[in-house]
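Engineer: Can you look at this prediction? I've put the sequence above it.
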Amino acid sequence: QVQLVESGGGLVQAGGSLRLSCAASGRTFSSYVMGWFRQAPGKEREAVAAISRGSGNTYYADSVKGRFIISRDNAKNTVILQMNSLKPEDTAVYYCAASLWAGSKVVLTTTPYDNWGQGTQVTVSS
């Protein structure tokens, strides 16, 4: 098990940027595939981005490609989501998640993730 705590959410105008951080506890952080997900009111939770254990592979939802960047620092047990050119439709609660077994075919689904943070609110005003 790994405990995850997100931070960095807030209110920003459209076109602005936010940087979300996820701090993980435990000494096996590098064993986990890490993902960012979001959930807007009345909608299902959806994948935003994911990153492999050694940062060699990154994955993005089509809706955020070219605007969001996921990265991780295994020495600091941290995963970052840099969000640029934000749009009102990016408004949601953003969750960090960890998986020991997510493969490339399911990494952008909620299925393989069994460790979740509490979420951080991101609101983009028009």
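Structural biologist: Thanks, I have the structure now. Since the structure is predicted, the reported quantities are computational estimates derived from the model, not experimental observations.
Engineer: Could you measure from residue 64 over to residue 87?
Structural biologist: Distance of residue 64 to residue 87, computed by CB to CB, to the nearest Å: 10 Å. Any C-beta I mention is one placed from the backbone N, CA and C, and that applies to glycine too.
Engineer: out of these two, which sits in the busier spot?
Structural biologist: residue 64 (22 against 14; other CB atoms under 10 Å).
Engineer: helix or strand for the residue nearest to the spatial centre of the chain, which one?
Structural biologist: Among the residues of the chain, the one closest to the centroid is residue 36, at 1.8 Å (CA atoms, centre = their mean). In this assignment (DSSP states H and E), residue 36 forms part of strand 33-39.
Engineer: Helices of the chain, start to end?
Structural biologist: Counting by DSSP state H, no segments of the chain form helices.
Engineer: need the strands for it, in chain order.
Structural biologist: 4-7, 10-13, 18-24, 33-39, 46-51, 58-60, 68-73, 78-83, 92-99, 115-116, 120-125 (DSSP state E).
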